[in-house]
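>>> return a 3D structure for these sequence lines:
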Amino acid sequence: SRRNWKPNVQEKRLFSYIHDRHIRVKVTTHALRCIDKAGGIDEYLLKTPYNKMDTEMGIAWKAKIEKMYSELAGMEVGFFPPKEEAKIEQGFEEVRSAKREFRSESRRALGVAKQSQLEATKADDDETTEVVDTNEEVSDVAEKS
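Predicted coordinates for the structure are as follows:
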C-alpha cells in the first residue's frame, strides 16, 4: 500500500533581532536549518522571495522586517573618536567591577550570617547537652540515695 509522508512541523519561538522580541511560528525542521544557515529569522525572511512564501503570516513578517530595515537605514550612526570610546569602555569596566565588588561583599556578608547562625545553633546544642548531663547526674545521685 502507498504511504503518505507528512512534514516534520515544530512549533518554535525564534528571536527577531530587528523587533527585539520572540516570534512564535510553526516551521519544518528543514526550514529551521535554513533559518540557522541564513543567520536568523530576520535574514531568512529577507532572503526568501515573496513567491516562495506559503503563509500570509510569513509575508506579513517579511513586510514588517523590510519596513524596519528601511527605517533603520535612514537613521544616522554616530562613531566616537578613540579617546572617547576608551573613556566609555572605562566607564563600563568601572560599573562591572562595582557589580563584582558588590556581589563579593554580599556573599561575604551571607557567609558571616550563616556562620553566626551555625554558632548559635551549636551553642543551643551545647546547652541541651548540659541539661541532659545534669539530669543524668541527678538520676545518679537519686539512685545512690
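>>> ok, which stretches of this structure are helices?
For the chain, the helices defined by DSSP state H cover 29-38, 41-47, 56-74, 82-144.
>>> what residues does the third one touch?
Outside helix 56-74, the residues that touch it by C-beta atoms under 8 Å, 6 or more residues apart in numbering are 16, 18-19, 23, 25, 41-42, 45-46, 48, 50, 53. C-beta: built from backbone N, CA, C; applies to glycine.
>>> among these, name the buried ones.
With neighbours counted by 16 or more other C-beta atoms under 10 Å, these contain buried members at 16, 18, 23, 25, 41-42, 45, 48.
>>> show me which of the residues you listed is closest to Arg107.
Ser16 (37.3 Å; C-beta to C-beta).
>>> the closest one pairs with what?
Using DSSP bridges, the bridge partners assigned to Ser16 are Arg21.
>>> how much space between it and Lys67?
Using C-beta to C-beta, to the nearest Å, Ser16 is found at 13 Å from Lys67.
>>> what's the domain layout of this structure?
9-74, 79-124 (the TED database).
>>> which of those domains sits most buried?
Mean neighbours per residue, mean count of other C-beta atoms under 10 Å, is largest over those for domain 9-74, with a mean of 13.
>>> any idea how far that domain is from the chain center?
23 Å (C-alpha atoms, centre = their mean, to the nearest Å).
>>> and that domain, end to end?
One end of domain 9-74 sits 38 Å from the other (C-alpha to C-alpha, to the nearest Å).
>>> same check, this time on stretch 74-90
First-to-last residue span, stretch 74-90, C-alpha to C-alpha: 31 Å.
>>> check the average confidence over it, would you?
If you average the pLDDT over stretch 74-90, you get 82.
>>> so which of the buried ones among the contacts of helix 56-74 comes closest to Gln10?
The closest of these to Gln10 turns out to be Val25 (C-beta to C-beta; 9.3 Å).
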